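Engineer: Sequence first, then the predicted structure:
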Amino acid sequence: MQIVFMNRLTKRSGSDEEAVAQIWIGEEEGLWHLGWRDILLDGDLNDSSWYEGVSWDELLFIYRHGLASKLGEGYRPLIQGIFHEDDEIRSRGQTIQKLYCYSELHSDENLYAELCAWRRRRAISERKAPYFIASNKLLRLISAYIPQHVDELMQLPGVGQTKASEYGAEIIEITAKLERKHTYPLNWVYTELDEEIFMAWVYKQKEQKYQQELNQYRIRRTLLTGIVAGKNLEQLEQDCGSPRKEIVEALEELEKEGYDTEQLIQHELREMPKDEQIAVWSAFEELGDNLLKPVLQRVYGGDNDSVAKDNIDLCYERIRMIRIQFRRNQGFRRSVG
């Protein structure tokens, strides 16, 4: 086997001892290999195979995810920049990331639960998805830094003038009754937060990001193979081990890249009445294809009374598939126009 890349990593333990390891990539007769090697104190080697196959792309996804996991455990590489982590960590966004990190480690759980309950009530009254009101990250920030005036609330990432005007008074009504030990502005976070704890948090975020990218890559590969084999959505759901919604969203991305998904779409829409399909298409023509909910409301009723709750997911699924056809048709019309 020819080794094409290797890096040495070390990790300090609670004592003066230092754990040493290597991550390596090799190639042999068209097969790529990726592995991790622990170098034990007595000189013995403990090898773990992370990947063996022909796909360089899949190897890279596994490499990034596995390496981020090891860095999160405290390993540090001899060769820096192995996935440009230093550029990201030292960027201007580092200060904001530290605010997020501290808030996840020091949030008031009771306050966070109360804010989540407020967000649910607001979302129901405004008929919006909860994340349109406030993201989980923002509620964590609020529950850690406990702003007691709107101007303090606006010092948190993700709070602009519009959000402060719409929801600021209600949020402050919840937080103002609580005591806090820190002050604004939040510059103290940057010195109080331990650098190693912050680095471990950053690499944990990377691990989650690369795990998601790896999952998406594998779903995409399985979908392409399954579509060529003539499989239906139920079979693809079993092969991918993912919810149908994620599979249909992946189909939209494949269509954007130029892959032909029409055979699968035709199969899945065969039991949808033609007049219903025409109504969805007409709604896209009138309302545009950016949002699905207005189309659902136009076709099935403003309050969704005509759609049983257990059928809403199926309706959205079919609307998404018709949107694929609609966008393809619009793209063809533009190209020949």
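Structural biologist: Happy to help now that I have it. Numbers count the residues shown, from 1 in each chain.
Engineer: Which helix or strand in the chain has the lowest average pLDDT?
Structural biologist: helix 85-89 (a mean of 49; mean pLDDT, DSSP states H and E).
Engineer: So which bits of the helix or strand following that one are buried?
Structural biologist: Heading C-terminal from helix 85-89, the first helix or strand you meet, by DSSP states H and E, is helix 94-106. Neighbour-count burial for helix 94-106 flags Gln97, Lys98, Leu99, Tyr100, Cys101, Tyr102, Ser103, Glu104 (criterion: 16 or more other CB atoms under 10 Å). Any C-beta I mention is one placed from the backbone N, CA and C, and that applies to glycine too.
Engineer: Check the model's average confidence along helix 94-106 for me.
Structural biologist: Over the span of helix 94-106, the pLDDT mean works out to 93.
Engineer: now, among the buried residues of helix 94-106, which is nearest to Glu195?
Structural biologist: Lys98 (9.7 Å; CB to CB).
Engineer: these two touch, right, that closest one and Tyr190?
Structural biologist: Yes - counting by CB atoms under 8 Å, Tyr190 is a contact partner of Lys98 at 5.7 Å.
Engineer: so how many other residues sit close to the nearest residue to Glu18 once chain neighbours are set aside?
Structural biologist: Nearest residue to Glu18, sequence neighbours excluded (CB to CB, 6 or more residues apart in numbering): Thr10, at 5.3 Å. By other CB atoms under 10 Å, 14 other residues sit near Thr10.
Engineer: In contact with Thr10, which residues?
Structural biologist: Glu18, Ala19, Val20, Ala21, Tyr75, Arg76, Leu78 (CB atoms under 8 Å, 6 or more residues apart in numbering).
Engineer: Could you tell me which of those count as buried?
Structural biologist: Here, 16+ other CB under 10 Å leaves Ala19, Ala21, Tyr75 buried among those.
Engineer: Angles on the backbone of the second one, please.
Structural biologist: Meaning Ala21. phi -150, psi 170 (degrees, to the nearest 10).
Engineer: Buried residues, stretch 126-146. List them.
Structural biologist: Ile133, Ala134, Lys137, Leu138, Leu139, Arg140, Leu141, Ile142, Ser143, Ala144, Tyr145, Ile146.
Engineer: right, and the helix or strand after the helix or strand containing the third one?
Structural biologist: Here Lys137, judged by DSSP H and E, is contained in helix 136-145. Remark: after helix 136-145, the chain's next helix or strand is helix 150-153, criterion DSSP H and E.
Engineer: Please state the offset of whichever helix or strand comes after that following helix from the chain centre?
Structural biologist: With elements assigned by DSSP H and E, the helix or strand that comes after helix 150-153 is helix 161-175. Here the centre of helix 161-175 is set off from its chain's centre by 27 Å, with CA atoms, centre = their mean, to the nearest Å.
Engineer: avg pLDDT for helix 161-175?
Structural biologist: Mean predicted lDDT for helix 161-175 stands at 96.
Engineer: what does that helix contact?
Structural biologist: With CB under 8 Å, 6+ apart as the criterion, helix 161-175 contacts 111, 114-115, 118, 122, 133-134, 142, 146-150, 153-154, 159.
Engineer: List only those of these flagged as buried.
Structural biologist: Buried among the contacts of helix 161-175 by 16+ other CB under 10 Å: 111, 114-115, 118, 122, 133-134, 142, 146-148, 150, 153, 159.
Engineer: can you give me the helices in the stretch 151-300 of the chain?
Structural biologist: 161-175, 188-192, 195-228, 233-240, 244-256, 262-268, 274-287, 293-300 (DSSP state H, counting those that start in this stretch).
Engineer: And those: which comes nearest Gly26?
Structural biologist: When those are compared (using CB to CB), the closest one is helix 195-228, at 20.1 Å.
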